[in-house]
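Student: Let me see the structure of the following:
(chains A and B)
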There are 2 protein chains.
Amino acid sequence: MDVGDEVIIPEPFYANYNGFSTASGVTVVPVMSSIDDGFALPPIEEFEKLITNKTKAILICNPGNPTGYLYSKEEIKKLAAIVKKYDLFLIADEVYREFAYDGLTHHSVLTESGLDDNAIVIDSVSKRYSMCGARIGCIVSKNKDFIATALKFAQARLSPPTYAQIASEAALDTPQSYFDDVIEEYTDRRNTLITELQKIDGVKVATPKGAFYCIAELPVTNADDFAQWLLEKFDLNGQTIMVAPAAGFYSTKNTGLNQVRIAYVLKKEDLISAAAILKAALTQYNG
Amino acid sequence: MDVGDEVIIPEPFYANYNGFSTASGVTVVPVMSSIDDGFALPPIEEFEKLITNKTKAILICNPGNPTGYLYSKEEIKKLAAIVKKYDLFLIADEVYREFAYDGLTHHSVLTESGLDDNAIVIDSVSKRYSMCGARIGCIVSKNKDFIATALKFAQARLSPPTYAQIASEAALDTPQSYFDDVIEEYTDRRNTLITELQKIDGVKVATPKGAFYCIAELPVTNADDFAQWLLEKFDLNGQTIMVAPAAGFYSTKNTGLNQVRIAYVLKKEDLISAAAILKAALTQYNG
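Tutor: Numbers count the residues shown, from 1 in each chain, chains lettered A, B, ... in the order given. A predicted model of the protein is given here:
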């Protein structure tokens, strides 16, 4: 993308999309999704309204960070149709694709026929193998011009880290049983967290179908202030919790102010304690 | 730097400065240095002529890749004076700073007094510890605004590779005796290469004072064609050499066409063989 080009992204979205776009002079054009339908794909007409002659791509994170939403096959097909109609790239950040729950299947944009020139997948070992520190990822596309252009940036970058490349290659041998166990564990953690959150008065939460995040709406006016208060001024028996204020995942100003992102990457008993702390904190904060 | 800003760089220079500048919409403004004085700092008036209201920085590589030139204390002081006069950054890529020969001392821009707001050093473990694949480096400056801005990019990048950070920390314990041995070995290699190159008719070479490169002018009109010919069509007893055509280190068009960069990172006997191959190749190529 060139300076001044536009990328449409369903919001809330992973905050770094904003950072890297800004650093490259690219404008993020958000299309709002809602907690009320679990952050499903907004109506495709909403995308269409935002397409200009500067629009070069639609970017999705599937399953989503921070929403945990997993796009259905029908939703991916709708996106495929619109990027073909307007000759846009469909960039899919699929780094969480193994993390799909409730027997649902992840649908990669790479499996859509006729999308070879449009589809770009962002992949990484960070989440799949819990190797965030490795800094090994890749982009995948059948569009040869795109890959040739990306290679210029890769050549400037010279090489990914050697040790981590070796470790990542070894990680490819991870057996399916590992992932089966992980999915089972995360499903349990999700069920635990959502059940506990739903017990708290005034908390609204969408049940995530993938990844390991959820967005929760809290009975506060400013989740950023609340998050700071939790860390600085509150404790329950010497413990508190840290939440990510969700406003940072929206590029539309004054949006998501009463929402937080919670990562359920703790053991079940810790998630139960964390929900208890949240409940007590909300009572005191609003008291 | 913002899109449209300018950075002045003595040329020839490390080709990636061009790549990253272009990717960021920054314009490289070259100031020519010459093989005839070993690629010494061009007269400071030449820099001054090029400064506009878009100029944000002067960038040097010291000692230089691809030139092997080591700037003197006087040259660093001249640069310090001009960046202070025009309120520019002085960015010094000092990743080769241990590689200084003939008893000469490397002068870091960080040692210049009064330059705290202007001096930025680029550092890396790649050359110092022969750890190119680690991908660990850093930028150093006493300018707090600059560091705060750089941190935003670092936060988007999330983290350098973990394994390599651990290895790099261990590398800090490398004893001085290792570097003494390395400097002695590279001095020998440099002396061997330069002596052998100077024996070849029509070859002009500046004696590098640092790093492990030299630029050689060859009796050919297009070193790029010659380099390709060496790889595809020439051999001496089944062996050939690979050189880096120097035109890629110049941003001024049609410059350095008869020059190549040679890295003396081989054993002395191999450098002697390589020079013999070059001599035979030039005879045949020009025959």
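Student: Run a quick neighbour tally on the closest residue to residue A:71 other than its chain neighbours.
Tutor: Leaving aside its chain neighbours, residue A:71 sits nearest to residue A:62 (4.8 Å; criterion: CB to CB, 6 or more residues apart in numbering or on different chains). C-beta: built from backbone N, CA, C; applies to glycine. Counted with other CB atoms under 10 Å in any protein chain shown, residues neighbouring residue A:62 total 27.
Student: need the contact list for residue A:62.
Tutor: By CB atoms under 8 Å, 6 or more residues apart in numbering or on different chains, the residues touching residue A:62 are A:69, A:70, A:71, A:76, A:92, A:93, A:94, A:96, A:97, A:106, A:107, A:210.
Student: roughly how far is whatever helix or strand the fifth one lives in from the heart of the chain?
Tutor: Yep, that's residue A:92 we're talking about. Taking DSSP states H and E as the criterion, residue A:92 maps to strand A:89-93. Relative to its chain's centre, strand A:89-93 lies at 13 Å (CA atoms, centre = their mean, to the nearest Å).
Student: continuing past that strand, what's the next helix or strand?
Tutor: strand A:119-124.
Student: ok, back up a step: and the strand holding residue A:92, which strands flank it?
Tutor: Sheet pairing of strand A:89-93 (DSSP bridges) gives strand A:55-61 (parallel), strand A:119-124 (parallel).
Student: who in the stretch 151-287 of chain A is up against chain B?
Tutor: A:152, A:153, A:155, A:156, A:158, A:159, A:160, A:161, A:162, A:163, A:164, A:167 (CB under 8 Å from any CB of the partner chain).
Student: Now for the second one, how many residues are close by?
Tutor: Residue neighbour count, defined by other CB under 10 Å, stands at 12 for residue A:153.
Student: so it touches residue B:22, yeah?
Tutor: No. Using CB atoms under 8 Å, residue A:153 makes no contact with residue B:22, being 10.6 Å away.
Student: Narrow the residues of the stretch 151-287 of chain A next to chain B to just the buried residues.
Tutor: Buried members of these, scored by 16 or more other CB atoms under 10 Å in any protein chain shown, are A:160, A:161, A:162, A:163, A:164, A:167.
Student: Identify, from these, the entry nearest to residue A:114.
Tutor: residue A:160 (31.5 Å; CB to CB).
Student: helix, strand or coil for the closest one?
Tutor: coil (DSSP: H, G, I helix; E, B strand; the rest coil).
Student: cool, and residue A:9?
Tutor: Under three-state DSSP, residue A:9 comes out as strand.
Student: list the contacts for the closest residue to it other than its chain neighbours?
Tutor: Here the nearest residue to residue A:9 in space, its sequence neighbours aside, is residue A:59; by CB to CB, 6+ apart that works out to 4.7 Å. Neighbouring residues of residue A:59 by CB under 8 Å, 6+ apart: A:7, A:8, A:9, A:13, A:17, A:91, A:92, A:93.
Student: Dump the residues you listed to TSV, plus distance to residue A:140 and pLDDT.
Tutor: Formatted as TSV, the contacts of residue A:59 follow (distance: CB to CB, whole Å; pLDDT from 0 to 100):
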residue	distance to residue A:140	pLDDT
A:7	18	98
A:8	21	98
A:9	19	98
A:13	20	98
A:17	18	96
A:91	11	98
A:92	10	98
A:93	12	98
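Student: Tell me the one of those residues nearest chain B?
Tutor: Closest approach between the contacts of residue A:59 and chain B, by CB to the nearest CB: residue A:17, at 10.0 Å.
Student: between the strand or helix carrying the closest one and strand A:89-93, how many degrees?
Tutor: Using DSSP H and E, residue A:17 maps to helix A:15-23. Calculated by axes from the mean of the first three to the mean of the last three CA atoms, to 10 degrees, helix A:15-23 forms an angle of 140 degrees with strand A:89-93.
Student: Neighbour-wise, which one of the contacts of residue A:62 leads?
Tutor: residue A:69 (29 neighbours).
Student: Burial check on the closest residue to that one other than its chain neighbours, number of neighbours?
Tutor: Distances taken as CB to CB, 6+ apart place residue A:39 nearest to residue A:69, at 4.2 Å, with adjacent residues excluded. Residue A:39 has 23 neighbours, counted by other CB under 10 Å.
Student: quick one: the nearest residue to residue A:171 once chain neighbours are set aside from residue A:136, how far?
Tutor: Closest residue in space to residue A:171, ignoring its immediate chain neighbours: residue A:129 at 4.4 Å, by CB to CB, 6+ apart. Distance of residue A:129 to residue A:136, computed by CB to CB, to the nearest Å: 9 Å.
Student: Same question for residue A:205.
Tutor: 33 Å.
Student: ok, now residue A:30?
Tutor: Taken as CB to CB, the span from residue A:30 to residue A:136 is 29 Å.
Student: doesn't residue A:186 fall inside a strand?
Tutor: No. The assignment for residue A:186, made by three-state DSSP, is helix rather than a strand.
Student: intersection of neighbour lists for residue A:129 and residue A:136?
Tutor: With CB under 8 Å, 6+ apart as the test, residue A:129 and residue A:136 both reach residue A:168.
Student: circling back to that earlier point, to residue A:247, which of the strands paired with strand A:89-93 lies closest?
Tutor: Going by CB to CB, the one of the strands paired with strand A:89-93 nearest residue A:247 is strand A:55-61, 17.6 Å.
Student: So for that closest one, mean pLDDT?
Tutor: Averaging pLDDT along strand A:55-61 yields 98.
Student: Now do that strand: distance to the chain's middle.
Tutor: On CA atoms, centre = their mean, the centre of strand A:55-61 falls 14 Å from that of its chain.
Student: Next secondary structure element downstream of that strand?
Tutor: Heading C-terminal from strand A:55-61 (DSSP H and E), you reach helix A:73-86.
Student: Now that following helix: average pLDDT?
Tutor: Here the average pLDDT along helix A:73-86 is 98.
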